[in-house]
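Peer 1: Pasted the sequence and its predicted model underneath.
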Amino acid sequence: MPAVSKGDGMRGLAVFISDIRNCKSKEAEIKRINKELANIRSKFKGDKALDGYSKKKYVCKLLFIFLLGHDIDFGHMEAVNLLSSNKYTEKQIGYLFISVLVNSNSELIRLINNAIKNDLASRNPTFMCLALHCIANVGSREMAEAFASEVPRVLVAGDTMDSVKQSAALCLLRLYKTSPDLVPMGEWTSRVVHLLNDQHMGVVTAAVSLITCLCKKNPDDFKTCVSLAVSRLSRIVSSASTDLQDYTYYFVPAPWLSVKLLRLLQCYPPPEDAAVKGRLVECLETILNKAQEPPKSKKVQHSNAKNAILFEAISLIIHYDSEPNLLVRACNQLGQFLQHRETNLRYLALESMCTLASSEFSHEAVKTHIETVINALKTERDVSVRQRAADLLYAMCDRTNAKQIVSEMLSYLETADYSIREEIVLKVAILAEKYAVDYSWYVDTILNLIRIAGDYVSEEVWYRVIQIVINRDDVQGYAAKTVFEALQAPACHENMVKVGGYILGEFGNLIAGDPRSSPLVQFNLLHSKFHLCSVATRALLLSTYIKFINLFPETKGTIQEVLRSDSQIRNADVELQQRAVEYLKLSSIASTDVLVRAGGTGGRRLPPGPRAGTGWLRGAGNGARGLSPPGGAGSHLAPGRGLAGWAGWGMGHRPDPSTPSPSADLLGLRAAPPAGSAAPTTAGNLLVDVFSDNTSATSGLAPSTEDNFLSLPVMQPGSCQPQMLGLYIGSEGHRQGLAHLFSPPPPRGRFVCKNNGVLFENQLLQIGVKSEFRQNLGRMYLFYGNKTSVQFQSFTPIVTYPAGAQLNIQTKAVEPLVEGGAQVQQVLNIECLSDFTLAPLLNIKFRYGGTLQNITLKLPVTLNKFFQATEMLSQDFFQRWKQLSQPQQEAQKIFKANHPMDSEVTKAKLLGFGCALLDKVDPNPDNYVGAGIIQTKSLQVGCLLRLEPNAQAQMYRLTLRTSREPVSRHLCGLLAEQF
C-alpha cells in the first residue's frame, strides 16, 4: 500500500480496512472490529482532547463498521462536533456520519439543526452545499419543519452561487415529497419559475424537477412556467451539439433537461398564446425531423438519448391531442420502430401507439400498421412486447377490422403465455360483442373462447352470451345447434357444459326435429358430462332436466330415473339432494301447466332481458389494464352498467342471465314466487329487491324451483311495501283513494349516506335510483319498472324545484309507453348553484288500465351530496375550529341513539355522509372528527364536525361548524337523523 501522508488521507483507516479485507473468517473479522471499537471508545473517553483529524479518522472507522452491518452506539457526539470545524474534509465526514447513522428522534437533532443553520448562514458555498445535502439525505419531517422556510430563501436569493442553487432546488424537492404540507407556498414560487431562464444549465435542470413536482398540486401558481419552458426548450432543440459542450451527451444537447421540460409541459393544457404555441409546435416538429436524420454516432448512448427526447415529445403530442399533423407524424415515426431490432424500442412504440389509437386524428393512421402488429403478436420472443401488441390490436379495433383482429387474437390465445390469457379472453369477449353485426359469429367466437381457454373465461362472459341468445330470436336455433356440437367433444370444459345446459334447456326444442339431436340424445349428451362437473354445474344441469320434462314429455321417465337414483336423492351435498327430491316430486305430481306456472325458468322459456347492447363492457373493461372501450369517441356503452351485481349461478346462486346486473335491471323481474304459493303469480309478485338492506331471503319461501335459489331477497307475494325517501305527497283524498297501494313511508333521510337503492315501490311501479356526485356536479339514474303485465300509457316523469332549491337539473325524456314487465331509464344531470335545504320533487303521471296515476316524491338530492372530503392535521383542525367560534356558525344536537352504537357502522355513515374522518385529532379516541368542503358553483363552504357518543347513556352529541348558519343547521339535522 502506498504511503499516505497525514494531509492527504487517513493511514489508520486504510490499514483498518485492509485488515478487515484480509480476515479469513467471520470470527476473525468480528474480533478485529471489537478490538478497533475498544480502541476508538478509549480514545473518545480519554482525558486528552482529540484534534479534528483524529476525530475524523475514528468517525470514518465507525461509519465503515456500521456499513459492514454492525451496530454503533457511540461516536455520535464526536460526529456532531465535526460539523463546527472549518475544514471541508472534517465537516464532510461529520455530515456523512449524521446522514447515515443519526435518526430523526435523536437527542442530538437540535445541535445538528443549529450547525446546519450556521452553515446555511455562512455564505460559504461549500459549507452551504454540505448542509443542504444533509437535509435532503435525512429528509425527515423534523428536518422539513426546521428548514422548509429557509431552503426557499437560499434558492431565490440573488447572491446565491449556482452550485448552491442546484443543491437548494433538489433539497426543497426532497422536503416537498416527504412533507408537502410543511413547505409554504409564498412569493418565492414566482421567483423559482424564473430560474428556467438561468444561464447555468445545472440550475435549470434542478429547477425543472422542482417545478414539475410543485405544479402537480398547485398548477395555477406555476402556470407562467409554460412560456419559459417553451423558450428554453426551443433554444436547446435549435442548438448544435457544440453550443452546449458541457451539457452535450454523445452529440445530443442537454437530453436530460429536454426530457424534463417536455414532461413539465405535460402538466398543462396547450398554450393559449398563439406565439408560444407556434414556437412549441416548431420544437416538436424539429424533434421529429431530427429523429429521421442519420445518427451522428454508432454508440448506443447516442440513440438512447435521441429516442428519450423523441418519446417524451410524442407523449406531449398525445397529451395535447390538438395537432392532427403532429399526431400522424408521431404515428408514422412509431411505426418505423415496430420492426426495430431493439426490443425496448418496439415495446415503447407499441405502448405509445395504444394511446394514439384513442385519438380521432390518428386512429386511421394507427390502423395502417395492423399487419405489423399482428406479426409482432405471433413472432415476438418477449412476452411483455406480445402483451403490448395485444393491447394495441384491442385499441385499434373498429367495425372494419373487428373480425380480423378477433380471429388473430383467438389464434394467438392457443399458444399465449398463461400470465396474459385472462386479459386476452376479456379483450376478445368485449370486441366480439361490441362489434358483432352477425350474432351467429358472436356465438361462435365465445364458444371458441371457452373451448380454447375455458379456465380463463369468467362467469360474466358466458352469462352475457346467454343473455344475447335470449334477446335474439334469430340466433337461438343456431346457438342450440352450435353448443350441441361443441358438447360432443371428448374433452369439454365445464363452462361449455354450463352454457350448453342453459341453452339446450331453453331452446333445445328448436333442434329436436333432427334425429341426430333428438330430446333423448340431448339429455344423454348433457348427462354424460354430469359426473365430471362441480356441484354448482350439477345443480344447473338438474334444473335443465326439469325444463326438459316440460319441453320434451317423452324424456320424463328417463329423467325421473336419474332424479330417483341414490346418487341424487341421497347425495352428500344438501343442495343437490334437495333439488333432486323436489324436482322429482314436482315432475310426478304436477301437470305441464303447473310446471309452466310454478317452475319459473325451471319449466318455461325465459322472457328476453333488457336490450342494452354492450352494457357490461364498461365494468369489464375497467377490470383489466388497458381495457378502456376501444374505438375512442362515440362509444355506445350504457353508463353505469356493469356485471358487479351478478350472483353465482347454480349452487345457491341462480340469477337470470337475461338480467346482467342490479344497475341494468333494478327490478329483477325475472324472479318467480315459490311453487305452491297461494298468492296469484302476477308480474307484480315476481320482484327481487336488489337494494334491500336485508340480505336474508324472505322467511317461508320453500326453494321448490331453481329460481328460489337466488341469493337476493325475494319479496313475498302480496307483501310489497312502498319505499320512499320522504313523505308521499298528494291530496288527502288521493292518498285515501290509493290506500290499498301504499303503506306508511319509512323515515326521512334514507339516502343521506348512500347513493343507490329503491326510491319508491308499490304494486304497480318500482323506482330505483343510482347516483354519483363530484364537486358541485352530479348525475342520477332513475329506473322505472312496470311490475304489472299491463302497459303504462302517457308515462311522464317531471322534476320540479321548490322555492329556494339552488339547483340546475337537466333531464332526458323517457318513452311514454312502458310495456308490462319492462324497465325504462331516465338520466338527470345536476348542478349545485348554492347551498340549499329543500330537495327537488319528482312527479310521475301515467295511465294504468285507463286510470290516471299521480305520484310525487322527493328526489334524494341533499346538500351533503356535494361534500368533498378534506384531510387535515390536528393543529390545522383546531385552528380552523377556533376561527368558527361565533354562535351562528355552530349547530349542536344532543339526541338519543335510535340504532345500536356500533363504531364501524358509525364510521361508515360518516364516510357516506361525505366528510373525511380525521384520526388522532380528538383527545378522546371514542369521538369522531370529520372535515369537508361543500362545493357549489357560487361558493365553497368549509365544514368541521365532531360526534361524541356516550355508550352508557345511549346518547350522542353532534357539533357542526361552518361559515354559514343555514348550512350548519341543515347538515346537523340531516346527520343526526342517521343515528
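Peer 2: Noted; the coordinates are in hand.
Peer 1: where in the stretch 101-250 of the chain is pLDDT low?
Peer 2: The model of the stretch 101-250 of the chain has pLDDT under 70 over residues 104-105, 241-243, 245.
Peer 1: start to end distance for stretch 874-892?
Peer 2: 21 Å (C-alpha to C-alpha, to the nearest Å).
Peer 1: ok, and what's touching that stretch?
Peer 2: 872, 918, 920-921, 929, 931, 942, 944, 957-965, 968-969, 971-973 (C-beta atoms under 8 Å, 6 or more residues apart in numbering). In short, each C-beta sits where N, CA and C put it, glycine included.
Peer 1: Now the buried members of those residues.
Peer 2: Restricting these to buried positions leaves 872, 918, 921, 929, 931, 942, 944, 958-964, 968-969, 971-972, with burial counted as 16 or more other C-beta atoms under 10 Å.
Peer 1: Filter these down to the ones in helices?
Peer 2: Applying DSSP state H to those, the entries found in helices are 968-969, 971-972.
Peer 1: ok, of those residues, which one's closest to E575?
Peer 2: L971 (48.6 Å; C-beta to C-beta).
Peer 1: Buried ones in stretch 227-244, by neighbour count?
Peer 2: 227-234, 236-237, 244.
Peer 1: got the contact list for that stretch?
Peer 2: Contacting residues not belonging to stretch 227-244 are listed as 193-194, 196-197, 201, 204, 208, 248, 251-254, 257-258, 261-262, 264-265, 271, 273, 276, 279-280, 282-283, 286-287, 290, 296 [C-beta under 8 Å, 6+ apart].
Peer 1: export it as PDB, just CAs?
Peer 2: Extracted in PDB, the C-alpha atoms of stretch 227-244 (Å, rounded to 0.1, in the frame of the first residue of the first chain):
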ATOM      1  CA  SER A 227     -43.800  30.100 -21.800                       C
ATOM      2  CA  LEU A 228     -40.400  30.000 -20.100                       C
ATOM      3  CA  ALA A 229     -40.200  26.200 -20.600                       C
ATOM      4  CA  VAL A 230     -41.100  26.500 -24.300                       C
ATOM      5  CA  SER A 231     -38.500  29.200 -24.700                       C
ATOM      6  CA  ARG A 232     -35.700  27.200 -23.100                       C
ATOM      7  CA  LEU A 233     -36.700  24.000 -25.000                       C
ATOM      8  CA  SER A 234     -36.600  26.000 -28.200                       C
ATOM      9  CA  ARG A 235     -33.100  27.100 -27.500                       C
ATOM     10  CA  ILE A 236     -31.900  23.600 -26.700                       C
ATOM     11  CA  VAL A 237     -33.600  21.900 -29.700                       C
ATOM     12  CA  SER A 238     -32.300  24.500 -32.200                       C
ATOM     13  CA  SER A 239     -28.800  24.500 -30.800                       C
ATOM     14  CA  ALA A 240     -25.900  22.500 -32.300                       C
ATOM     15  CA  SER A 241     -24.100  19.800 -30.300                       C
ATOM     16  CA  THR A 242     -21.200  22.200 -29.900                       C
ATOM     17  CA  ASP A 243     -23.200  25.100 -28.400                       C
ATOM     18  CA  LEU A 244     -23.700  23.300 -25.100                       C
END
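Peer 1: That one: how far from the chain's middle?
Peer 2: Relative to its parent chain, stretch 227-244 has a centroid offset of 39 Å by C-alpha atoms, centre = their mean, to the nearest Å.
Peer 1: same deal with stretch 521-535?
Peer 2: A distance of 41 Å separates the centroid of the chain from that of stretch 521-535, by C-alpha atoms, centre = their mean.
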